[in-house]
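Visitor: Sequence and computational prediction follow.
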Amino acid sequence: MEIQPIFKKAARQPIIIAGPCSAESEEQVMDIAHQLAQSGNVDLYRAGIWKPRTRPNSFEGVGTIGLKWLKRVKEETGLKVTTEVANRNHVFEAIKHGIDVLWIGARTTVNPFSVQEIADSLAGTNIPVMIKNPINPDLNLWIGAIERIYKAGIQQIAVIHRGFSSSGNSNFRNEPMWQIPIELMRRFPDLEIICDNSHICGRRDTLAALAQKAMDLNFDGLMTETHNNPDKAWSDAKQQITPFVFQDLIKNLVIRAETTNDVKFLEDLEGLRQQINVIDNELLTLLGKRMALAEDIGRYKKNNNISILQPTRWNEILEKSMLKGAEKGLSRDFISVFLKAVHQESINHQEQIMGTGLTAKASS
Ligand code: PEP
Ligand code: MN
């Protein structure tokens, strides 16, 4: 794929997308747009017209009338505008009203039928499209959506990381699971990737720290929900901030260089990286040895007709390692995720030995 950038910003200049979660009234849309336009740093004005809500009877967007308001935003402020599309009709209406960039929401990316419908309706146009990650942490589904839109002839594509749904307690509304967008960056180095801190945080007080983290991870920009009266917003009130607070957030961002020509720095860094490479190699060798031992145990259990999983032993390993890990400055979360992965790999190896190996991870 030869994806073209939508924004083409100068190096280390973040792409800035801001505007309300939902268009609510013409006055609200215009007021926020005028406030944002004043700062002169906003690349794209966002407002949802058709809102995918978790439950019916919530506000589901003002519909097509909102497109006229966005057209007015363009005329009066010069800001470019974007809105979410989820089906063929949305695409036609948005293009008819001169929307500059479309975005596909998380609940749509998850469904290949919907993405294909949008792709088909985009054929023959050249409107840029931003694709949010699917709600579930499936990188291939995200890439699949990019491919579908690209195959429809759209070359200007960007992606938006808005985090992933998860059950259980979390400080995030949607877990960032940074490794997924980082892997996407690795595979598509030229793709512009924007962080939607609003939908990841779901609350105001952590928006700035998350935005900073995204910058430090080399994201190309931010999409942040901004509202002239956040507490009274008709959707996502808890996570919206005023244009004034938003400008403060942008002003305080520290944009660090991705690299430098400073020879001394590069040499020092290289030295440290070499040490890390050596340790990574050792870790892999040790993990290989551990798996070979697990296989020995598997053979032994098979001959003696003993089951693979021994819960008491596994609990012991986990608890001991968490204590030991804490002494080495490693968090309980990390040890838990790491050891569970190692343990699962051991089980997979033992299952192969037992001849019950259903181990390959499916992806369709
Ligand atoms: C939104 O941007 O308002 C929105 C609905 O986002 P998501 O698709 O990420 O839930
Ligand atoms: Mn929202």
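Guide: Yep, it's here. Ligands and ions are numbered 1, 2, ... in the order given.

Visitor: tell me the contacts of Ser235?
Guide: Contacts here follow C-beta atoms under 8 Å, 6 or more residues apart in numbering; on that basis Ser235 touches 21-22, 48, 51, 53, 58-59. All C-beta atoms are positioned from the backbone trio N, CA, C, and that covers glycine.

Visitor: The same query, at a cut-off of 10 Å, please.
Guide: Ser235 makes contact with 20-22, 24, 48, 51, 53, 58-61, 225, 227, according to C-beta atoms under 10 Å, 6 or more residues apart in numbering.

Visitor: That one: which element?
Guide: For Ser235, there is no enclosing helix or strand under DSSP states H and E.

Visitor: Which phi and psi values does it adopt?
Guide: Comment: the main-chain dihedrals of Ser235 come out as phi -150, psi 150, following degrees, to the nearest 10.

Visitor: Could I get the pLDDT score of it?
Guide: As predicted, Ser235 sits at a pLDDT of 94.

Visitor: residues in contact with Trp314?
Guide: Under the criterion of C-beta under 10 Å, 6+ apart, the neighbours of Trp314 are 339-340, 343, 346-347.

Visitor: hang on, the earlier thing: and which of the contacts of Ser235 is nearest Ser167?
Guide: For these, the closest approach to Ser167 (C-beta to C-beta) belongs to Arg53, at 19.5 Å.

Visitor: where does the stretch 51-200 of the chain have low pLDDT?
Guide: Within the stretch 51-200 of the chain, no range satisfies pLDDT under 70.

Visitor: those helices in it, which residues are they?
Guide: 65-77, 88-96, 106-109, 112-122, 139-151, 179-187, 197-201 (DSSP state H, counting those that start in this stretch).

Visitor: Just say which of these is most tucked in.
Guide: Highest mean neighbour count of the helices of the stretch 51-200 of the chain: helix 197-201, a mean of 26 (counted as mean count of other C-beta atoms under 10 Å).

Visitor: Pull the distance from it to the chain's centre.
Guide: Helix 197-201 has its C-alpha centroid displaced from the chain centroid by 10 Å (C-alpha atoms, centre = their mean, to the nearest Å).

Visitor: could you say what helices and strands that helix packs with?
Guide: Where contact means 3 or more C-beta pairs under 10 Å, 6 or more residues apart in numbering; DSSP states H and E, helix 197-201 is packed against strand 157-161, helix 207-216, strand 221-225.

Visitor: now the last one: mean pLDDT?
Guide: Averaged across strand 221-225, the pLDDT comes to 98.

Visitor: Report the inter-axis angle for it versus strand 157-161.
Guide: Here the directions of strand 221-225 and strand 157-161 differ by 60 degrees (axes from the mean of the first three to the mean of the last three C-alpha atoms, to 10 degrees).

Visitor: Just the CA atoms of strand 221-225, as CSV, please.
Guide: What follows is the C-alpha trace of strand 221-225 in CSV, where atoms were taken according to Å, rounded to 0.1, in the frame of the first residue of the first chain:
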residue,chain,number,x,y,z
GLY,A,221,-1.3,14.2,16.6
LEU,A,222,-4.3,14.4,18.9
MET,A,223,-8.1,14.3,18.6
THR,A,224,-9.6,15.8,21.7
GLU,A,225,-13.3,16.5,22.4
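
Visitor: ok, and does that strand reach over to ligand 2?
Guide: No - between strand 221-225 and ligand 2, judged by C-beta under 5 Å from the ion, nothing touches; the nearest distance is 5.5 Å.

Visitor: Parallel or antiparallel, list what pairs with that strand.
Guide: Strand pairing for strand 221-225, using DSSP bridges, gives strand 15-19 (parallel), strand 192-195 (parallel).

Visitor: thinking again about what came up before, mind putting the helices of the stretch 51-200 of the chain in a markdown table, distance to Thr260 included?
Guide: Formatted as a markdown table, the entries for these read as follows, by distance: least, C-beta to C-beta, whole Å:
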| stretch | distance to Thr260 |
| --- | --- |
| helix 65-77 | 38 |
| helix 88-96 | 42 |
| helix 106-109 | 36 |
| helix 112-122 | 40 |
| helix 139-151 | 30 |
| helix 179-187 | 20 |
| helix 197-201 | 27 |
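
Visitor: which residues touch the most centrally placed residue in the chain?
Guide: Centrality entry for the chain: nearest residue to the mean C-alpha point is His161, 2.3 Å, by C-alpha atoms, centre = their mean. Taking C-beta under 10 Å, 6+ apart as the definition of contact, the neighbours of His161 are 132-133, 142, 174, 176-178, 180-182, 184-185, 193-197, 199-200, 214, 217, 219, 223.

Visitor: Residue numbers of the protein in contact with ligand 2?
Guide: Looking at ligand 2, the residues of the chain close enough under C-beta under 5 Å from the ion are 21, 236.

Visitor: what's the single longest helix in the chain?
Guide: Secondary structure assigned by DSSP state H gives helix 263-304 as the longest helix of the chain.

Visitor: what's the offset of it from the middle of its chain?
Guide: Relative to its parent chain, helix 263-304 has a centroid offset of 29 Å by C-alpha atoms, centre = their mean.
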